[in-house]
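J.: with the input below, show me the fold.
(2 chains)
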Amino acid sequence: MPADRPELKVTHSDGVCVVEFADRKILEELSINQIGEELTRLAEQHQPTNMLLNFMNVEHLSSAALGMLITLHKRIVELGGQLKLTDIKPQIYEVFKITRLNKIFDIHDSAAKAKASFAK
Amino acid sequence: MNFSSQHSDDERSLKTIVIPSDLAAAKEPEQAILREAQINGFSEDAIFAIKLTLEEAITNAIKHGNKCDRTKKVTVRYAVDAHQVVICIRDEGAGFDPDAVPDPTKPERISLPNGRGILLMKAYMSEVTYRCNGTEIFLRKRNE
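T.: The predicted model follows:
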């Protein structure tokens, strides 16, 4: 089912819901709440949800985006699924490191590696 | 407005942009400052740092300082040259104690969705100082 928001490119592959952020500024403060709601809706549609977020087009994110990811992660885990992140640019990864969230999220270098790591 | 004598030299010729407490309005000062930083030769990493910090600081002023009350203003004053960017952001709220904000990297707080803005600003700026009972933040980013 296509996402309601054009900024999210959603595909399903081998039981994994892959979400690619199509807009480089999508994770700015203004759109965070709506993006979080849409991702949660996707997670609740197919349970247990294995979701992979692809950050290849993301050039900026705020602390509000980190909060949204934390909330999404909790929800997916509640639903018995897994959330992984991939293709995070070094500048963006630095934000995860500063906040120690690189220890909380399962972050991969490539979508292929991330998909392979989902527990069957 | 009272200035800290520590920063008075930096603040002699600041430009001023006043915005309502509306997240969309934050774009104006952000774009103005980033444009000048680019013109003055700041690196891509520095531009990233300034952009992130501006978003955090203005959002905090709007959400926490002014409680999203559109009748309250956020005043952004700034100066950019080849050596540094200096920014002062002031809200019209009651103020707060920034030293009382808990460390969001502690195990008991790492999974909470909020509380990372100040940590990020301090990581990315050369200087972060709160003044006027926490209603004003002074930010400096040196061009290194």
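J.: drop to CA atoms for contacts and neighbour counts, all remaining ones
T.: OK.
J.: excluding sequence neighbours, find me the nearest residue to residue B:117.
T.: Leaving aside its chain neighbours, residue B:117 sits nearest to residue B:56 (5.5 Å; criterion: C-alpha to C-alpha, 6 or more residues apart in numbering or on different chains).
J.: what sits against the one you found?
T.: By C-alpha atoms under 8 Å, 6 or more residues apart in numbering or on different chains, the contact list for residue B:56 reads A:62, A:63, B:117, B:118, B:121.
J.: how many residues are close by residue 118?
T.: Because you didn't say which chain, this covers chain A. Other residues near residue A:118 come to 17 when the count uses other C-alpha atoms under 10 Å in any protein chain shown.
J.: can you look at chain B instead?
T.: So residue B:118, with other C-alpha under 10 Å, has 18 neighbours.
J.: quick one: residues contacting it.
T.: So residue B:118 contacts residue B:56 (C-alpha under 8 Å, 6+ apart).
J.: quick revisit: quick check, the residue nearest to residue B:117 in a helix?
T.: Yes. Applying DSSP: H, G, I helix; E, B strand; the rest coil, one finds residue B:56 inside a helix.
J.: how near is it to residue B:76?
T.: Separation of residue B:56 from residue B:76 (C-alpha to C-alpha, to the nearest Å): 13 Å.
J.: swap in residue B:8?
T.: Taken as C-alpha to C-alpha, the span from residue B:8 to residue B:76 is 16 Å.
J.: so how far is stretch B:51-59 off the chain centroid?
T.: Its chain's C-alpha centre and that of stretch B:51-59 lie 6 Å apart, by C-alpha atoms, centre = their mean, to the nearest Å.
J.: can you pull the phi/psi pair for residue B:42?
T.: Dihedral pair for residue B:42: phi -70, psi 150, per degrees, to the nearest 10.
J.: could you check the pLDDT of the residue lying closest to it once chain neighbours are set aside?
T.: Closest residue to residue B:42 apart from its sequence neighbours, by C-alpha to C-alpha, 6+ apart: residue B:143 at 5.9 Å. Looking at residue B:143, its pLDDT is 95.
J.: gap between residue B:143 and residue A:21?
T.: Computed as C-alpha to C-alpha, the residue B:143 to residue A:21 distance reads 31 Å.
J.: looking at those two, which is more packed in?
T.: The neighbour count for residue B:143 versus residue A:21, taken as other C-alpha under 10 Å, is higher for residue A:21 (21 against 17).
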